[in-house]
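Asks: this one's structure only:
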């Protein structure tokens, strides 16, 4: 029983000593000098916050043609991090913390982290190039490393797209920088060419007129530039006739499908024949006797 009492008494004394030390530290901190420093720090933080908000508001007012949404979001995020760093450094310096030691430790830590996370650093640097270059934006249809998808987000580390099957794919920025990138939506107009052969003996001018009529009947085909048709080549079984149309990139699948349907329909109405692979065999000499 005495041992329990002694233990409780010792624990109580230890707790009281720690509480007293904490209260003493608070009393030493709550001086007029520190109070004025704290008030000054709050005023400076408020001023920086106002400046930050004004900069964010100014960025959001920039037209999307001059500053795409993806770039503005990244820029705002970068400014927010800068704001946090400035505030923390200011508060530390205000209360006598030596920033040189912090910068030295940060440099050593940065080297260690750099060796441990070379891939992430590579993606981060590549992300800056992707954002500043402006080769892609949200909503574009791109092809990267055999992946076709619509861009959903552009971040410092990666680009997120969804495929035609609505599968989410995350593409590292280093992959975008180091491989060929095809942006199907970069320009406001895109061209589609379709080649459909006709049989030998058909009227070639009639075929050209028929293909142009089929193209002009598609509602998603642009009138300017106008559709074009030409005789492409003479094949083994038929004559290849090609038609080219311009369309809005977002209407790719509909335009492609409608154009094939229209060509098939107009060919039938015009009486144009579709050739099939055929092999003519000529017998040399007498036919074998049975």
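Replies: Perfect, thanks for sending it. Nothing here was measured: the structure is a model prediction, and the numbers come from that model. Numbering: from 1, shown residues only.

Asks: By average pLDDT, which secondary structure element in the chain comes out worst?
Replies: helix 99-116 (a mean of 57; mean pLDDT, DSSP states H and E).

Asks: got a list of contacts for the helix or strand that that helix is followed by?
Replies: Next along the chain after helix 99-116, taking DSSP states H and E as the criterion, comes helix 118-133. Outside of helix 118-133, the residues within contact range by CB atoms under 8 Å, 6 or more residues apart in numbering are 70-71, 74, 114, 136, 154-159, 172-174, 176-178. C-beta: built from backbone N, CA, C; applies to glycine.

Asks: Figure out how far helix 118-133 is from the centre of its chain.
Replies: 12 Å (CA atoms, centre = their mean, to the nearest Å).

Asks: Would you indicate which residues of it are buried?
Replies: 122, 123, 126, 127, 130, 131 (16 or more other CB atoms under 10 Å).

Asks: Quickly note the distance from the fifth one to residue 225.
Replies: Put plainly, it is residue 130. Plainly put, residue 130 is 31 Å away from residue 225 if you go by CB to CB, to the nearest Å.

Asks: likewise residue 270?
Replies: Distance from residue 270 to residue 225, by CB to CB: 24 Å.

Asks: of those two, who's got more company?
Replies: residue 270 (17 against 11; other CB atoms under 10 Å).

Asks: Does that one touch residue 210 like I think?
Replies: Yes: using CB atoms under 8 Å, residue 270 is in contact with residue 210, at 4.6 Å.

Asks: Which residues are in contact with each of these two?
Replies: By CB under 8 Å, 6+ apart, residue 270 and residue 210 have no common neighbours.

Asks: Contacts for stretch 81-88, please.
Replies: 45, 48, 49, 52.

Asks: Show me which of those residues are buried.
Replies: residue 52.

Asks: Could I get the average pLDDT for stretch 215-234?
Replies: Per-region confidence: stretch 215-234 scores 94 on mean pLDDT.

Asks: Residue 211 sits in which helix or strand?
Replies: Following DSSP H and E, one finds residue 211 within helix 204-217.
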